[in-house]
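>>> missing the sequence, but the structure's below:
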């Protein structure tokens, strides 16, 4: 477990670096791997920090892209005005950190008495108590994974919005046809009494890849940030 000081330092560095790289633009998208290299974090720390901010609505991360949200920019402004500003959950992290152990007392060594000419045999030390019985605890049962929920209302709004703005994305004919096909597939699934979440998720993944290839990165990023619940899975 990292110390509270390290925990806070990592989060400040991550959020400040992301804000600087995006210029505080909520719709700007950055390539995840390139951002992590500039950040200087190891992959596991970078993912853990990004997931923390994403869960608190300060960062969005979809596939191989990352960006800052209005809530993230607001948190940096609060931090600028008040250096003692606490990130969500930070108070609990600080409280859980154990107090440093006091230094051990100096060992007392008894000097032998020179005037004693005779010595007594020391009493043998009692045998150590037997170790207590120890039984390995049973590993916890794996948690059951719930099937992904179908966000019908958000998907309907997403399909309609993307259909209206398709021409403004300046996609070439091949990508435009691919995007149209993915939107139609989602519409068919939503019209079904038993829509398949896996199929819808594959379509959303494919749409995200298409948006990453869009010449108008600002417009594509704005679409992603308007529907974070679909992309932050």
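Okay, I see it. Since the structure is predicted, the reported quantities are computational estimates derived from the model, not experimental observations. Numbering: from 1, shown residues only.
>>> got the buried residues for the helix or strand hosting residue 91?
For residue 91, the element it lies in under DSSP states H and E is helix 90-96. The neighbour-count criterion (16 or more other Cβ atoms under 10 Å) identifies residue 93 as the buried residues of helix 90-96. Every C-beta, even on glycine, is put in place using the N, C-alpha and C of the backbone.
>>> After it, which helix or strand is next?
helix 152-165.
>>> Pull out the buried residues from that next one.
155, 158, 159, 162.
>>> re earlier: what mean pLDDT does the helix holding residue 91 get?
Helix 90-96 shows a mean pLDDT of 82.
>>> what residue lies at the spatial centre of this structure?
Taking Cα atoms, centre = their mean, the centroid of the chain lies closest to residue 51, which sits 1.0 Å from it.
>>> That one: which element?
Short version, using DSSP H and E: residue 51 is in helix 43-55.
>>> Let me know the secondary structure of residue 60.
strand (DSSP: H, G, I helix; E, B strand; the rest coil).
>>> what about it, how many neighbours?
23 (other Cβ atoms under 10 Å).
>>> hang on, the earlier thing: name the helices or strands packed onto the helix holding residue 91?
helix 4-22 (3 or more Cβ pairs under 8 Å, 6 or more residues apart in numbering; DSSP states H and E).
>>> List the contacts of the helix holding residue 91.
4, 7, 8 (Cβ atoms under 8 Å, 6 or more residues apart in numbering).
>>> Just the buried residues of those.
Buried, going by 16+ other Cβ under 10 Å: 7, 8, out of the contacts of helix 90-96.
>>> rewinding a little: may I see the buried residues of helix 152-165 organised as CSV, with pLDDT and distance to residue 188 added?
Listed next are the buried residues of helix 152-165 as CSV, based on pLDDT from 0 to 100; distance: Cβ to Cβ, whole Å:
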residue, pLDDT, distance to residue 188
155, 87, 12
158, 85, 15
159, 86, 11
162, 82, 16
